[in-house]
Each structure stands twice: as structure tokens, then as C-alpha cells.
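quick one, fold the following:
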Amino acid sequence: MRSRLLTSTTDLAQVFQEWCAKADDIRIVTAWATTDRLDCPGLTAAQNRISTLVVGLGFYSTSPEAQESTGGRLLL
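Down below sits the predicted model:
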């Protein structure tokens, strides 16, 4: 596997979208979630392949709308 330095959020979004398209089983663990971050094109297109989505609640950064937008699939 070759390494690649991602120097911008645009690069990160592109690589994330590419890997979402290739993955059979997606598992995500993140500190927080908001609806604008859950609505990224790669993740939306791969929605049926997300087996685990764990999101933290500390410091009230996760929005209630994010929980609702996933149909209650967030593990908090």
C-alpha cells in the first residue's frame, strides 16, 4: 500500500469518497457528528454498507438532527 499525504480538507473528502465507493463494510467512530458532516456524498452513497456508526456526545457537539437523520442508527 502506498502512502499519501493529505494536505487539505478537499483532498481528504476526495479520498474518503473513493474509499467509501470501494468498501463492502464501513465502520465509523468519531468524536461528534452534525448533519452537514453526515451528508457528504461518499457517505450518503454508501449508506447501506455502513455496519457501525459510533458517535461521541461529549461537550454537546453532536446535534440531535444528526441522530434523527440516520434513522436512529447512531450508537452514542
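
what about the nearest residue to C20 once chain neighbours are set aside, distance to T30?
Nearest non-adjacent residue to C20, counting by CB to CB, 6 or more residues apart in numbering: G42, 3.7 Å away. C-beta: built from backbone N, CA, C; applies to glycine. G42 is 15 Å from T30, where distance means CB to CB, to the nearest Å.

who has more neighbours, the two?
G42 (17 against 13; other CB atoms under 10 Å).

pull the helix or strand with minimum mean pLDDT from the chain.
helix 35-38 (a mean of 65; mean pLDDT, DSSP states H and E).

C-terminal to that helix, what's the next element?
helix 41-45 (DSSP states H and E).

buried stuff in that next one?
42-43 (16 or more other CB atoms under 10 Å).

mean confidence score for the helix or strand containing C20?
Assigned by DSSP H and E, C20 belongs to helix 9-22. Averaging pLDDT along helix 9-22 yields 88.

stretch 66-73 too?
67.

returning to what we had before: for the helix holding C20, output the C-alpha coordinates as PDB.
Extracted as PDB, the C-alpha positions of helix 9-22 are listed here (Å, rounded to 0.1, in the frame of the first residue of the first chain):
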ATOM      1  CA  THR A   9      -9.900  19.000   3.500                       C
ATOM      2  CA  THR A  10     -10.600  18.800  -0.200                       C
ATOM      3  CA  ASP A  11      -8.000  16.000  -0.500                       C
ATOM      4  CA  LEU A  12      -9.500  14.300   2.500                       C
ATOM      5  CA  ALA A  13     -13.000  14.400   1.100                       C
ATOM      6  CA  GLN A  14     -11.900  13.100  -2.200                       C
ATOM      7  CA  VAL A  15     -10.000  10.100  -0.700                       C
ATOM      8  CA  PHE A  16     -12.900   9.400   1.700                       C
ATOM      9  CA  GLN A  17     -15.400   9.300  -1.200                       C
ATOM     10  CA  GLU A  18     -13.100   7.000  -3.200                       C
ATOM     11  CA  TRP A  19     -12.700   4.600  -0.300                       C
ATOM     12  CA  CYS A  20     -16.400   4.600   0.500                       C
ATOM     13  CA  ALA A  21     -17.100   3.600  -3.000                       C
ATOM     14  CA  LYS A  22     -14.700   0.600  -2.700                       C
END
